[in-house]
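1. how would this look folded up:
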Amino acid sequence: MKIDWSALGSVFGVSLVFTVGLVALFTLGVNGLARREKAAAQGSSATLAVTGAYLCFAACAAAVSYGIYLIVSKS
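-> Residues are numbered from 1 along each chain as shown. So this is what the prediction gives:
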């Protein structure tokens, strides 16, 4: 059995980059919701922050759904 170390490293690198990106996107969504809470406490509106948060969460859901699709379609 021969292990292709360059392919294994490539898969590791791509998965690490996408994982960090997905976590950052989710963090931006949580941050947008936190801004909504701050704005509500101050009596102002944070429509843009909430819209951005929902877009971040939708992008996370789309990325996860696409990953599941790739896994299921290859088996």
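
2. mind listing the helices for the chain?
-> Assigned by DSSP state H, the chain shows helices spanning 5-42, 47-73.

3. I'd like the ones you listed written out as TSV, with mean pLDDT added.
-> Conversion of these to TSV gives the following (pLDDT from 0 to 100):
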stretch	mean pLDDT
helix 5-42	93
helix 47-73	94
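
4. got CSV for those, with mean neighbour count too?
-> Yep, even glycine has a C-beta here, placed from its N, CA and C like the rest. Converted to CSV, the helices of the chain look like this (neighbours: other Cβ atoms under 10 Å):
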stretch, mean neighbour count
helix 5-42, 12
helix 47-73, 13
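
5. so who does the residue nearest to the spatial centre of the chain touch?
-> Nearest to the geometric centre of the chain sits residue 22, at 2.7 Å (Cα atoms, centre = their mean). Residues near residue 22 by Cβ atoms under 8 Å, 6 or more residues apart in numbering: 60, 63-64.

6. distance check, it against residue 60.
-> Counting by Cβ to Cβ, to the nearest Å, the gap from residue 22 to residue 60 is 6 Å.

7. before we move on, what about residue 74?
-> From residue 74 across to residue 60, the span is 22 Å (Cβ to Cβ).

8. go on, residue 29?
-> Applying Cβ to Cβ, the value for residue 29 to residue 60 is 7 Å.

9. so residue 50 makes contact with residue 37?
-> No. Counting by Cβ atoms under 8 Å, residue 37 is not a contact partner of residue 50; they are 10.3 Å apart.

10. excluding its backbone neighbours, what's nearest residue 32?
-> Leaving aside its chain neighbours, residue 32 sits nearest to residue 53 (2.9 Å; criterion: Cβ to Cβ, 6 or more residues apart in numbering).

11. which residues does the one you found contact?
-> For residue 53, the contact set (Cβ under 8 Å, 6+ apart) comprises 28-33, 36.

12. since that was my last question, I'll sign off now.
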